[in-house]
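*Asks:* just a sequence and a predicted model for now, questions to come.
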Amino acid sequence: MDFNTGNSIYNQNDINRGSVPYITDLRQEVIDNTLFYTTRWTSRNLQFALMSVPMNTETGLDVHYNSDQFFYIERGEALAYMGNCYNCLNIQVNVYEGYAIIVPAGTWHNVVNIGNSDLKMYSIYAPAMHSYNTVFRTTQEWFDYYEDNNTWAPR
């Protein structure tokens, strides 16, 4: 199920994506990415996405009830928040280049860029959350999408 649309993530654009190996210079691809969010590989069981979070912005407070999530910080500085409910984010940790953030399903979380440059990171979801080739060019586009579709809003 596509987290964005509620539709099946296995449409004509997704045919065999999960069976096609993906090999990349991961560090370079993450650093070169200028999109806020873009999926790079999607299968039924796993999804890989790149993120570039501008200074003084965030990924957005949210929770995934059916997916675990892994973030890896390639470049930048952020504050990671996590907790068991929307108003109880009792875990707050500064994270930097080389840090990983593992978010279990059902955990509220947000990553806030507190550095002097764009936060460059990647994320892995298991199982997949978005259709293959999902792109949000900016943080605002990401927020607007959810608000316009009357679905969960990551704020």
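*Replies:* Now that the structure is in, tell me what you want to look at. Bear in mind the structure is a predicted one, so any value in this text is a computation, not a measurement. Numbering: from 1, shown residues only.

*Asks:* burial of the closest residue to Glu29 other than its chain neighbours, as a residue count?
*Replies:* Using C-beta to C-beta, 6 or more residues apart in numbering and skipping residues adjacent in sequence, the residue nearest Glu29 is Leu50, 6.6 Å away. Just so you know, the C-beta spots here come from the backbone N, C-alpha and C atoms, and that holds for glycine as well. Leu50 is flanked by 24 other residues according to other C-beta atoms under 10 Å.

*Asks:* so where do the strands sit in the protein?
*Replies:* 37-42, 47-53, 68-75, 77-83, 91-96, 100-103, 108-113, 119-126, 135-136 (DSSP state E).

*Asks:* ranking those strands by burial, who's on top?
*Replies:* strand 47-53 (a mean of 23; mean count of other C-beta atoms under 10 Å).

*Asks:* state the mean pLDDT of that strand.
*Replies:* Averaging pLDDT along strand 47-53 yields 95.

*Asks:* adjacent strands (with direction) for that strand?
*Replies:* strand 37-42 (antiparallel), strand 119-126 (antiparallel) (DSSP bridges).

*Asks:* compare these and give me the one nearest Arg75.
*Replies:* Nearest to Arg75 among the strands paired with strand 47-53 is strand 119-126 (4.0 Å), distances taken as C-beta to C-beta.

*Asks:* CA atoms only: put that closest one into PDB for me.
*Replies:* The C-alpha coordinates for strand 119-126 follow below in PDB (Å, rounded to 0.1, in the frame of the first residue of the first chain):
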ATOM      1  CA  LEU A 119      21.500  17.500   5.800                       C
ATOM      2  CA  LYS A 120      22.400  14.700   3.500                       C
ATOM      3  CA  MET A 121      21.100  11.300   4.400                       C
ATOM      4  CA  TYR A 122      19.400   8.200   3.200                       C
ATOM      5  CA  SER A 123      16.600   6.200   4.600                       C
ATOM      6  CA  ILE A 124      15.600   2.500   4.300                       C
ATOM      7  CA  TYR A 125      12.000   1.400   5.100                       C
ATOM      8  CA  ALA A 126      11.000  -2.200   5.700                       C
END
